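Enquirer: this one's sequence-less:
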């Protein structure tokens, strides 16, 4: 497949819904200028950058800090960004109090995940960026970080790695793979790359996901059509996955072990109204994906995935 270049009408990339502020490193008594329009980060270059999309999950902060401190002690190869998206529950002040190490806080006003991640990835000086959520507590075993790095190093055409859920085949979400279906035997990943349980998939759905930064920028990033500012983004990872395959890159999935997910509840499912918004967004965005990648395109990608997985099995 030939590489393709994309330019979306993402005109609100740095949104007028709020200024972006960065603090790195942050002293406990430091405060920042609400009117500053500058974006500055003083951290050195790290191979991996992790970005936690955060909104009104104050009760999770102390445990997140504890776990990422342990990971930071075990590995100096990553930089952590807290993407504080205008919380109203005092989260920002608690992050200011507890943030340590080389961590950065970026403050925005209700951009929500697609735009928040996009801003963070485009400003990153790292090779790889991992998208994280405020209700997901990571395992403290550092292997999930080293596995990501090793897989990208092993496959020079690997553009994105999912850590939760993906699908293979010519129908959307037909053959589900990954930890999101722990009771489904067919979802188990039994192939390996560089000794790590891994499979190529047509599309990734739900984070955490690890993205090769240069490929992300090359392909135009997430498509903002999949979320209005402040609204949930659904299937945007799937759309980017398929676009990567179409452009000659590959997408894979690893088993997610040791994660505690949905802690404190999903903000986009916290009320009947928000749940209805999520259902509508799911229906709309799935329709967008299907329009962009009709059956013929999906079958072509499925063949590429099948070929890649056959090569994977031969190399074991």
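Expert: Sure thing, it's come through. Only a predicted model underlies this, so the values are computations on that prediction, with no experimental measurement involved.
Enquirer: The chain: helices as residue ranges?
Expert: 61-74, 91-98, 113-122, 143-154, 213-218, 236-246, 272-292, 295-314 (DSSP state H).
Enquirer: any idea how far the shortest one is from the chain center?
Expert: If I follow you right, that is helix 213-218. 14 Å (CA atoms, centre = their mean, to the nearest Å).
Enquirer: Next: the first one.
Expert: Once both centres are worked out by CA atoms, centre = their mean, helix 61-74 turns out to sit 19 Å from its chain's centre.
Enquirer: What segments of the stretch 1-150 of the chain are strands?
Expert: Using DSSP state E, counting those that start in this stretch, the strands of the stretch 1-150 of the chain run over residues 21-23, 48-54, 78-84, 104-107, 128-133.
Enquirer: sorry, back to before: a markdown table please, covering the helices of the chain and showing distance to residue 224 and mean pLDDT.
Expert: Any C-beta I mention is one placed from the backbone N, CA and C, and that applies to glycine too. Formatted as a markdown table, the helices of the chain follow (distance: least, CB to CB, whole Å; pLDDT from 0 to 100):
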| stretch | distance to residue 224 | mean pLDDT |
| --- | --- | --- |
| helix 61-74 | 27 | 95 |
| helix 91-98 | 25 | 94 |
| helix 113-122 | 6 | 94 |
| helix 143-154 | 26 | 94 |
| helix 213-218 | 14 | 97 |
| helix 236-246 | 9 | 96 |
| helix 272-292 | 12 | 85 |
| helix 295-314 | 21 | 94 |
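Enquirer: Now do the contacts for the residue most central in space within the chain.
Expert: In the chain, the centroid-proximal residue (CA atoms, centre = their mean) is residue 131; its distance is 2.7 Å. Residues near residue 131 by CB atoms under 8 Å, 6 or more residues apart in numbering: 51, 53, 113, 117, 207-209, 211.
Enquirer: pLDDT at it, what is it?
Expert: Note on residue 131: pLDDT of 96.
Enquirer: Quick check: closest non-adjacent residue to it.
Expert: residue 207 (4.7 Å; CB to CB, 6 or more residues apart in numbering).
Enquirer: Distance to residue 161 and mean neighbour count added to the helices of the chain, as JSON lines?
Expert: JSON lines is the format used below for the helices of the chain (distance: least, CB to CB, whole Å; neighbours: other CB atoms under 10 Å):
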{"stretch": "helix 61-74", "distance to residue 161": "17", "mean neighbour count": "16"}
{"stretch": "helix 91-98", "distance to residue 161": "27", "mean neighbour count": "17"}
{"stretch": "helix 113-122", "distance to residue 161": "14", "mean neighbour count": "23"}
{"stretch": "helix 143-154", "distance to residue 161": "6", "mean neighbour count": "18"}
{"stretch": "helix 213-218", "distance to residue 161": "12", "mean neighbour count": "16"}
{"stretch": "helix 236-246", "distance to residue 161": "10", "mean neighbour count": "24"}
{"stretch": "helix 272-292", "distance to residue 161": "20", "mean neighbour count": "14"}
{"stretch": "helix 295-314", "distance to residue 161": "13", "mean neighbour count": "15"}
